[in-house]
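# Below are the sequence and a predicted model; questions follow.
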Amino acid sequence: MAREYHLKGAAPQTSPPEDDNVINFAAELNEQQLAVVRSKPGQSLVIAGAGSGKTRTLTYRVAYLLQNHIAPQNILLLTFTNKASREMMERVETLLPGKSAGIWGGTFHSICNRILRRDPTKVGLSRDFSILDSEDQKSLLTKIIKEKGIAEAAEKATKRKFPKASVILGLISLAANTRSVLATIIATEFSEDEEVISHIGKVAELYRERKQLANAVDFDDLLLLALRLFKENPQVLKSYQFQFQFILVDEYQDTNALQGELVDLLAGEHGNIMAVGDDAQSIYSWRGADFRYIIEFPQRYPKATIFRIETNYRSVPEVLTLANASIKVNDRQFEKELMPTRAATGQRPALVALGSPAEQAMFVGQRIQELAEEGVPYSEMAVLYRAHFQSMEVQLQLTQMDTPFTVTSGLKFFEQAHIKDFTAFLRFAINPRDEASFERLVKMIDGIGDVSASKLFREWRRQLPALTEAALHNFSHLMCEMKIPPKARKDWTQLAFTLDELVDCAGGWNPPSAMMKSILEGVYEEYLEATFENAEMRRQDLEQFMRFADKYDSVQDLLSELALLSGPEAAESQQKRRDNDTVVLSTIHQAKGLEWRVVFLIWLTDSMFPNPRAIEEGGQDSLEEERRLFYVAVTRARDQLYLTYPRTWPKAYDGDLWQKASPFLGELPRSAVEEWKVGRY
């Protein structure tokens with residue numbers, strides 16, 4: 001058998017050779033970008049500020065290596081999304097046609113998949129192993145739970161609902177990506193009950209065994225098994241360290257512990273690694289990203305050179321002045337100063353205090369219409385917020401004004417599953433003949449599926465004509481007499497008595513927020529925790545939905561208002577804009593990487609932004625991440641920025657609540673904003 005022998009790629013020269021000078025890098029890049037692109041081999045950290053041309057710099061770095069005779073297969077380009085990988089590879093190909101083939105470019109998962117396909121047997125797989133998608137994972141885990149009777153055993157021992165497959169998968173994934181013990185993650189993220197921890201642990205172990213039997217892996221396994229391959233087979237690791245002479249990592253601030261460990265292994269002690277990111281835009285700790293990987297890079301790589309790219313091509317100077325001032329307050333950071341290339345406009349970001357959430361929504365809606373009349377396309381305007389529920393009033397206002405809008409999640413606030421569940425309770429309480437609402441409610445109960453739900457409604461409907469209007473308000477009297485699967489009996493009874501609580505003693509309906517409180521405490525809180533991976537976020541949505549409902553005198557008024565959001569008028573408004581010329585409504589997390597001419601950043605109150613619960617759980621580190629989130633929101637704006645907040649929160653349980661402005665606003669110099677006083681006429 002022939003011995004394999006590899007030639008190392010030639011080290012980059014300080015300037016391209018004359019006979020291969022295809023790209024004039026000095027003409028294409030600014031001084032800071034050029035320093036990165038032409039940097040010598042070794043370890044480097046590139047702090048790329050918002051709007052500074054990070055992708056362009058990375059692309060030209062790859063082109064520079066190729067132009068200096070580095071073989072494509074010796075370059076590893078790691079990205080966090082397939083879109084980013086495709087974009088960079090296409091740009092490199094445009095710069096140097098025909099020379100990029102062979103580059104190892106892709107997401108962490110795609111690169112690890114390629115590595116495992118070469119040596120699958122070393123980690124207990126065969127070459128044709130399958131990769132489970134999210135639906136495959138849920139199906140397999142649900143089957144395991146059902147076959148082994150784990151849910152019944154756990155519920156008997158703990159007296160609480162056993163979590164659904166999606167919740168368990170989320171816990172398993174978080175443990176994998178943070179390199180944590182699963183039991184610790186369960187205790188901190190779900191429940192400290194030892195029985196719960198034990199049963200979920202058993203499910204996780206059975207899941208691992210079934211994947212192995214099926215010669216299948218999930219997405220986390222791709223990284224975990226690649227790491228195991230390297231650790232258990234030093235010669236394999238050395239071959240990849242030798243092959244990947246130049247490692248480039250995009251969005252390094254989003255690296256989690258598992259990804260960070262893989263990168264450090266591949267780079268080796270003397271490897272050439274270029275980590276590119278912005279510590280000021282590290283905002284994903286809640287899904288496992290570890291801020292320490294970027295902030296402690298110089299400690300892990302003492303010989304590393306730190307580059308800064310601070311020239312901003314996106315925003316006007318007025319926006320950058322505010323952004324720079326806001327992020328300076330953070331202690332743990334690589335100091336930077338975004339420098340504008342655009343000319344000043346004389347229009348500072350607007351600081352707008354409004355009387356109430358409804359008035360805030362009116363201001364946003366009216367200003368959007370004025371800007372549209374001035375020629376700003378709807379698609380160049382965005383409304384950003386810390387949490388999805390903060391868009392409720394704005395969604396209603398834009399619908400009433402016939403202003404087309406889209407929500408980045410794909411679901412408007414009132415279209416989300418947990419909100420529709422609550423709405424179904426309310427609809428069924430006032431109209432017990434509502435088949436869709438009945439079936440939605442009963443299918444929340446384990447043991448009742450589509451077929452049995454339809455059968456139960458037929459039985460329910462047969463008895464309705466014989467009942468008086470007053471009797472319709474006594475749900476439990478009828479429901480507890482119905483024939484229900486034994487497994488569902490307990491939850492069915494609880495549902496029936498919860499529906500009874502929605503009715504007042506006179507046979508009418510309680511106020512909407514009181515009805516919602518009964519639903520949450522009666523049946524839905526336990527269902528929420530067992531069903532949704534992001535249960536805490538959804539609980540916050542529901543709490544704010546209850547506050548929102550407080551302004552309605554009757555449940556009928558609330559439901560009528562909500563119906564407008566999905567009625568023919570709303571549909572017609574969206575149909576008018578097939579060219580995607582719509583205002584974007586988005587959480588700040590989902591807006592990262594995007595930009596608009598005009599940005600409205602709403603609900604900047606002390607009780608909303610920073611998120612109080614995040615601060616309570618994470619202390620100073622979380623406060624600094626919240627400030628980074630504010631910075632990300634501000635730097636989405638190219639031309640105009642509006643910072644708004646309501647001074648009061650009407651009828652919130654104990655009456656109107658006075659709202660303080662977010663402390664992030666108090667940290668800004670007064671000269672950085674222009675205060676607007678809003679009146680009525």
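On my side now, so go ahead. Not measured: the values here are computed from a predicted model. Residues are numbered from 1 along each chain as shown.
# Find the nearest non-adjacent residue to Thr57, please.
Excluding the flanking residues, the one nearest Thr57 by Cβ to Cβ, 6 or more residues apart in numbering is Gln33, at 4.7 Å. All C-beta atoms are positioned from the backbone trio N, CA, C, and that covers glycine.
# Tell me which residues are up against the helix or strand containing the one you found.
Applying DSSP states H and E as the criterion places Gln33 in helix 31-37. Residues outside helix 31-37 that contact it (Cβ atoms under 8 Å, 6 or more residues apart in numbering) are 25-26, 29, 44, 46, 52-53, 56-57, 60-61, 64, 274, 307-311.
# and that helix, how far from the chain's centre?
Helix 31-37 sits 32 Å away from the centroid of its parent chain (Cα atoms, centre = their mean, to the nearest Å).
# Check which residues of it are buried.
Buried residues in helix 31-37, counted by 16 or more other Cβ atoms under 10 Å: Gln32, Gln33, Leu34, Ala35, Val36, Val37.
# one step back: if burial is judged by neighbour count, which of the contacts of helix 31-37 pass?
For the contacts of helix 31-37, a burial check counting by 16+ other Cβ under 10 Å picks out 25, 29, 44, 46, 52-53, 56-57, 60-61, 64, 274, 307-311.
# Just those: which are in helices?
Per DSSP state H, helices hold the following members of the buried ones among the contacts of helix 31-37: Phe25, Arg56, Thr57, Tyr60, Arg61, Tyr64.
# State the pair within these that is farthest apart.
Pairwise distances across these peak at 12.3 Å for Arg56 and Tyr64 (criterion: Cβ to Cβ).
# and Leu45, what are its bridge partners?
Under DSSP bridges, the beta-bridge partners of Leu45 are Ala275, Ile306.
# That one touches Glu296, doesn't it?
No. At 10.4 Å, Leu45 does not count as touching Glu296 under the criterion of Cβ atoms under 8 Å.
# neighbour-wise, which of those two wins?
Leu45 (23 against 13; other Cβ atoms under 10 Å).
# Please read off the pLDDT at the more buried one from the model.
The per-residue pLDDT reported for Leu45 equals 96.
# Same check on Arg458?
For Arg458, the model assigns a pLDDT of 87.
# Just the endpoints, please. Distance across stretch 152-172?
Start and end residues of stretch 152-172 are separated by 21 Å (Cα to Cα, to the nearest Å).
# now that stretch: how far from the chain's centre is it?
That offset, for stretch 152-172, works out to 24 Å (Cα atoms, centre = their mean).
# pLDDT averaged over that stretch, what's the number?
On average, stretch 152-172 scores 87.
# and that stretch, which residues are buried?
Buried residues in stretch 152-172 (16+ other Cβ under 10 Å): 154-155, 158, 161-172.
# Same question for stretch 240-259.
Neighbour counts over stretch 240-259 (16+ other Cβ under 10 Å) mark 240-241, 243-259 as buried.
# where do the helices sit along the stretch 101-250 of the chain?
Secondary structure of the stretch 101-250 of the chain (DSSP state H, counting those that start in this stretch): helices located at 108-118, 134-147, 150-158, 165-178, 182-189, 194-213, 219-232, 234-243.
# right, I mislabeled it, should have said the stretch 551-681 of the chain
Secondary structure of the stretch 551-681 of the chain by DSSP H, counting those that start in this stretch: the helices cover 555-564, 568-575, 588-591, 612-634, 663-666.
# One more: the stretch 401-550 of the chain?
Taking DSSP H, counting those that start in this stretch as the criterion, the stretch 401-550 of the chain carries its helices at 417-430, 435-442, 450-463, 475-479, 489-501, 512-519, 525-531, 535-549.
# Check those for me and report the most buried one.
Scoring the helices of the stretch 401-550 of the chain by mean neighbour count under mean count of other Cβ atoms under 10 Å gives helix 512-519 as the most buried, with a mean of 22.
# Other residues contacting that one?
422, 425-426, 429, 498, 501-502, 509-510, 542, 545-547, 549-550, 552, 554-555, 558, 653.
# send the alpha carbons of that helix over as PDB?
C-alpha atoms of helix 512-519 as PDB (Å, rounded to 0.1, in the frame of the first residue of the first chain):
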ATOM      1  CA  PRO A 512     -61.000  38.600  30.500                       C
ATOM      2  CA  SER A 513     -57.900  38.900  32.700                       C
ATOM      3  CA  ALA A 514     -59.500  37.000  35.600                       C
ATOM      4  CA  MET A 515     -60.600  34.300  33.200                       C
ATOM      5  CA  MET A 516     -57.000  34.000  31.900                       C
ATOM      6  CA  LYS A 517     -55.700  33.800  35.400                       C
ATOM      7  CA  SER A 518     -58.000  30.800  36.200                       C
ATOM      8  CA  ILE A 519     -56.900  29.100  33.000                       C
END
